[in-house]
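**Student:** kindly return the folded structure for what I paste below:
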Amino acid sequence: MANPDRLLIVDDNAEMCELLAECLRPQRYALACASSGLEALELLGNERFDVVILDLRLPRSDGIEILRHIRERRPEIEIIVLTAYASLETAIEALRLGAYDYVTKPFLPDTIRSAVERALEKHHLATRLAGIYNMSREMVLSRDVVQVANAVLDIVEQVLEFKTCDLRLIDEEQDELYRVAARSRAQEAAPRLPLSGEKGITVAAARSGKPLYVPDVWEDPRYAGQSGMSRSELAVPLQTSERVIGVLNVESTEVDAFGPSEIRLISTLAAQAVVAIENARLYEHAQQEIAERRRAEEEVKRRNRELAALNKTGQAITSVLDLDEVLSLAMAEARATLDAEGASVLLYDAADDELVFAATAGPEGKTLVGTRMPAVAGIAGWALKEAQPVLVRDAQSDPRFYDRIDHSTGLTTRSLLAVPLVCKGKAVGVIEAINRTDEAFDEHDLDLLSTLAGSAAIAIENARLYEAEREQRRLLEQSQAQLVQSEKLAATGRLAASLAHEINNPLQAIHNSLQLMLTFPLKPDEQREYLEMANEEVQRLINMVTRTLDFAREPQRKMEHTNINEVIEKVLALARKYLQHRHIALRRDLSPDLPAVRAAPDELGQVFLNMVLNAVDAMAEGGTLSVSSRLAEDGRLATSIADTGHGIAPEHLDHVFEPFFSTKEAGTGLGLSVSYNVIQRHGGEITFQSKVGEGTTFVVWLPTLPA
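**Tutor:** Modelled structure (predicted):
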């Protein structure tokens with residue numbers, strides 16, 4: 001034997017040592033003798049021994065003490081004590097301290113041989129179990145089923161002599177046993193074994209759930225081996241508390257090769273393997289769940305990032321009111337998010353029942369802008385008509401595909417997404433994304449494009465509404481400007497008589513000066529005096545005509561820093577003669593150093609002149625016009641125009657600013673309405689107070705510019 005069992009005989013009687021050696025020599029053990037306890041302890045400290053035969057009566061030492069020392073230092077060694085009849089109580093004490101057995105002197109050879117064999121069997125089993133325990137601890141920590149199976153077979157290989165050893169697990173879906181790991185001297189094929197079949201000792205063990213030992217497989221019809229070299233087989237099921245999960249199987253070339261100790265050993269190992277395999281499966285399952293959860297989390301994160309990007313893009317798109325910019329943003333986002341080679345927005349032209357390529361993105365995209373196709377044609381037409389998104393994995397094989405677009409651009413469209421642009425239940429167009437390869441898009445991509453389409457549809461509708469509103473506002477402003485101009489011309493007409501009279505005076509002065517110079521011989525200094533007089537009157541006429549023309553010209557809506565007092569002074573200069581003819585006294589109270597306002601001076605002049613003329617009309621018998629400007633406590637600039645006229649009747653107070661409302665026989669009713677709108681556009685307001693028989697005061701409130 002390569003590693004024979006080693007025995008140590010401890011006895012001070014040399015003849016007894018020789019007798020014991022003679023009795024045990026047939027078993028070919030490796031024997032050593034020690035004549036004292038100290039010598040025995042020294043040998044045990046330097047060499048390996050499996051069994052010690054210890055005489056309890058030793059010179060200069062107590063056998064019980066030697067036993068205690070051996071147990072403390074080498075607990076794995078089995079001890080057989082020798083005792084005489086007179087020391088039976090001592091032998092019993094030795095057993096209590098851990099001795100395996102005792103033999104009384106004198107003894108028969110078979111008695112000592114039997115005791116040694118049984119001690120060695122226990123020692124071998126304990127050694128194997130200790131090895132199984134130590135290796136099982138590592139095995140249980142394995143996280144892979146195949147690693148666990150190989151670790152189990154490694155243990156079996158160390159403690160048993162066998163031809164073949166393998167570990168099979170049950171495939172519950174296929175109802176079969178399949179090999180996970182094997183140790184074999186003749187690497188046989190490992191077919192799967194149906195659990196419903198009659199062949200296979202491992203199958204029988206799996207079905208019964210109990211260890212199955214066949215001392216001679218040649219005598220058992222269930223044996224499924226192919227080489228015919230195996231003679232005995234031991235199959236131990238791997239069983240949890242609920243079910244059998246597999247079988248640990250060992251085969252030997254010897255008949256009846258496995259005894260009770262091997263069966264116990266393999267059964268113990270199988271129990272450990274079940275725990276390790278289940279733990280490894282749980283770990284693998286947990287790892288799969290963790291991996292799936294991580295994949296799901298990554299997918300959620302990816303989708304959240306995509307949706308966040310789409311939401312940000314949607315906000316950007318819906319905040320833009322220019323249609324071309326809306327379409328450009330939608331195309332760029334669709335192409336980037338879907339990794340598409342091309343993208344297009346087709347708007348529906350209801351008048352011609354056509355889809356028009358309004359915007360495109362991609363290498364050939366620009367050539368498509370403006371291209372038209374029937375609204376009932378193509379996959380885009382189908383999406384528009386059915387108001388449903390559509391994913392086409394191979395457009396070339398789809399009967400709805402409209403191939404004329406590809407022919408005109410040189411494209412070869414394969415995968416395609418088309419989503420209708422729906423706003424307020426009405427399809428206004430279609431957004432498309434394309435790729436040149438099949439299966440390039442999936443349902444997730446369709447959901448993303450649908451989300452983008454929702455924002456794009458709203459943005460397109462907003463842009464169209466804004467464009468219509470902007471055009472309407474332009475027309476309204478044009479109409480208001482015409483009203484302002486009409487009122488200015490009407491006011492100029494009301495001033496015409498006064499202006500004509502005012503112009504006549506300087507003309508008369510110029511005429512008189514020229515007549516004197518032509519009729520009478522004058523000295524040079526007298527001629528110069530008359531010429532200077534005529535020049536002053538000409539300049540007066542120029543200023544008068546300039547003021548009138550400035551007022552009557554087309555209004556300029558240029559907003560600029562404006563001094564309100566300068567505007568008021570120009571208005572009063574224009575109306576000066578008119579006030580004189582109507583016997584109106586003028587009182588000014590213009591606060592100096594007022595802050596500027598942001599305004600169109602022409603329009604403010606129109607408002608103030610209209611109010612001055614209305615005030616004069618209210619004083620048919622003459623009166624006093626008071627004009628003042630001041631900075632109010634709330635920071636606004638207030639301009640007051642007050643008259644001492646007849647006032648406004650109570651029933652007319654609520655209609656003062658209504659268009660076409662007038663108490664004058666020849667009035668248009670637009671003056672105050674136009675003035676009110678002008679001041680509103682400047683961010684201000686007009687208020688008034690009136691009392692019948694005492695007069696009316698209008699106040700124009702305007703925001704000032706920061707200092």
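**Student:** can you show me the helices along the stretch 151-300 of the chain?
**Tutor:** All helices of the stretch 151-300 of the chain, identified by DSSP state H, counting those that start in this stretch, fall at 201-208, 260-319.
**Student:** tell me the contacts of residue 689?
**Tutor:** By C-beta atoms under 8 Å, 6 or more residues apart in numbering, residue 689 lies in contact with 696, 697. No exception for glycine: its C-beta is placed from N, CA and C like everyone else's.
**Student:** let's see that with 7 Å instead.
**Tutor:** residue 697 (C-beta atoms under 7 Å, 6 or more residues apart in numbering).
**Student:** most tightly packed of the helices of the stretch 151-300 of the chain?
**Tutor:** Counting by mean count of other C-beta atoms under 10 Å, helix 201-208 has the highest mean neighbour count of the helices of the stretch 151-300 of the chain, with a mean of 21.
**Student:** mind giving me the packing neighbours of it?
**Tutor:** Packing partners of helix 201-208 (3 or more C-beta pairs under 7 Å, 6 or more residues apart in numbering; DSSP states H and E): strand 176-184, strand 212-214, strand 232-239, strand 244-252.
**Student:** same question for that helix, mean pLDDT?
**Tutor:** The pLDDT scores in helix 201-208 average 92.
**Student:** repeat for stretch 112-128
**Tutor:** Computed over stretch 112-128, the mean pLDDT rounds to 82.
**Student:** ranges for the helices of the stretch 351-500 of the chain?
**Tutor:** Under DSSP H, counting those that start in this stretch, the stretch 351-500 of the chain gives helices at 378-386, 404-409, 443-519.
**Student:** and if you look at the stretch 1-150 of the chain?
**Tutor:** Using DSSP H, counting those that start in this stretch, helices in the stretch 1-150 of the chain cover 14-24, 37-46, 63-73, 88-96, 109-140, 145-159.
**Student:** quick one: those helices as JSON lines, columns for distance to residue 651 and mean neighbour count too.
**Tutor:** JSON lines is the format used below for these (distance: least, C-beta to C-beta, whole Å; neighbours: other C-beta atoms under 10 Å):
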{"stretch": "helix 14-24", "distance to residue 651": "143", "mean neighbour count": "16"}
{"stretch": "helix 37-46", "distance to residue 651": "132", "mean neighbour count": "16"}
{"stretch": "helix 63-73", "distance to residue 651": "126", "mean neighbour count": "17"}
{"stretch": "helix 88-96", "distance to residue 651": "130", "mean neighbour count": "15"}
{"stretch": "helix 109-140", "distance to residue 651": "103", "mean neighbour count": "16"}
{"stretch": "helix 145-159", "distance to residue 651": "100", "mean neighbour count": "20"}
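**Student:** and residue 244, which of those helices is closest to it?
**Tutor:** Across the helices of the stretch 1-150 of the chain, residue 244 has its closest neighbour in helix 145-159 (15.6 Å, C-beta to C-beta).
**Student:** and that closest one, what does it pack onto?
**Tutor:** helix 109-140, strand 164-171, strand 176-184, helix 260-319.
**Student:** give me the average confidence score over it.
**Tutor:** For helix 145-159, the per-residue pLDDT averages 82.
**Student:** what do you get for stretch 674-686?
**Tutor:** Taken as a whole, stretch 674-686 has a mean pLDDT of 86.
**Student:** tell me how far it lies from the chain's centre.
**Tutor:** Distance of stretch 674-686 from its chain centroid, counting by C-alpha atoms, centre = their mean, to the nearest Å, is 50 Å.
**Student:** distance of the residue nearest to residue 93 when sequence neighbours are not counted from residue 158?
**Tutor:** Excluding the flanking residues, the one nearest residue 93 by C-beta to C-beta, 6 or more residues apart in numbering is residue 64, at 6.3 Å. Using C-beta to C-beta, to the nearest Å, we find residue 64 at a distance of 36 Å from residue 158.
**Student:** list the buried ones in the helix or strand hosting residue 570?
**Tutor:** Taking DSSP states H and E as the criterion, residue 570 maps to helix 564-581. For helix 564-581, a neighbour-count test (16 or more other C-beta atoms under 10 Å) marks 564, 565, 567, 568, 570, 571, 572, 574, 575, 577, 578, 579 as buried.
**Student:** save the residues you listed as JSON lines, and put in pLDDT too.
**Tutor:** Shown next, in JSON lines, are the buried residues of helix 564-581 (pLDDT from 0 to 100):
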{"residue": "564", "pLDDT": "94"}
{"residue": "565", "pLDDT": "94"}
{"residue": "567", "pLDDT": "91"}
{"residue": "568", "pLDDT": "92"}
{"residue": "570", "pLDDT": "85"}
{"residue": "571", "pLDDT": "85"}
{"residue": "572", "pLDDT": "88"}
{"residue": "574", "pLDDT": "77"}
{"residue": "575", "pLDDT": "81"}
{"residue": "577", "pLDDT": "79"}
{"residue": "578", "pLDDT": "79"}
{"residue": "579", "pLDDT": "86"}
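**Student:** how about the contacts made by the nearest residue to residue 362 once chain neighbours are set aside?
**Tutor:** With C-beta to C-beta, 6+ apart as the criterion, residue 362 has its nearest non-adjacent residue at 3.1 Å, and that residue is residue 342. By C-beta under 7 Å, 6+ apart, the contact list for residue 342 reads 360, 361, 362, 365, 434.
**Student:** what does the pLDDT read for the fourth one?
**Tutor:** So that's residue 365. What the model reports as pLDDT for residue 365 is 57.
**Student:** same question for the last one.
**Tutor:** You'll see residue 434 listed with a pLDDT of 86.
**Student:** what distance do you get for residue 565 to residue 638?
**Tutor:** Distance, residue 565 to residue 638, by C-beta to C-beta: 13 Å.
**Student:** tell me which residues of stretch 606-624 are tucked away?
**Tutor:** Within stretch 606-624, the residues scored as buried using 16+ other C-beta under 10 Å are 606-619, 623.
**Student:** try stretch 679-695
**Tutor:** For stretch 679-695, by 16+ other C-beta under 10 Å, it's 679, 682, 684, 686, 688, 690, 695.
**Student:** one more: stretch 421-441?
**Tutor:** 421-423, 427-435, 440-441.
**Student:** quick check: the farthest pair among those?
**Tutor:** Among those, 423 and 440 lie farthest apart (C-beta to C-beta), at 28.4 Å.
**Student:** residue at max distance from the center of this structure?
**Tutor:** Distance to the chain centre peaks in the chain at residue 521, reaching 103.3 Å (criterion: C-alpha atoms, centre = their mean).
**Student:** can you give me the distance of that residue to residue 362?
**Tutor:** In this view, residue 521 and residue 362 are 96 Å apart by C-beta to C-beta.
**Student:** neighbours around residue 629, how many?
**Tutor:** Neighbour count for residue 629, taken as other C-beta atoms under 10 Å: 19.
**Student:** tell me the strands beside the strand or helix carrying it, with direction?
**Tutor:** If you go by DSSP H and E, residue 629 is part of strand 623-631. Take DSSP bridges as the rule and strand 623-631 pairs in its sheet with strand 584-590 (parallel), strand 637-642 (antiparallel).
**Student:** by how many degrees do it and helix 564-581 diverge?
**Tutor:** 180 degrees (axes from the mean of the first three to the mean of the last three C-alpha atoms, to 10 degrees).
**Student:** residue ranges with poor pLDDT in the stretch 601-707 of the chain?
**Tutor:** Applying pLDDT under 70 to the stretch 601-707 of the chain flags residues 658-671, 707.
**Student:** cutoff 80 now
**Tutor:** 606, 654-674, 706-707 (pLDDT under 80).
**Student:** number of nearby residues for residue 325?
**Tutor:** So residue 325, with other C-beta under 10 Å, has 15 neighbours.
**Student:** residue 419 too?
**Tutor:** Residue 419 has 28 neighbouring residues, counting by other C-beta under 10 Å.
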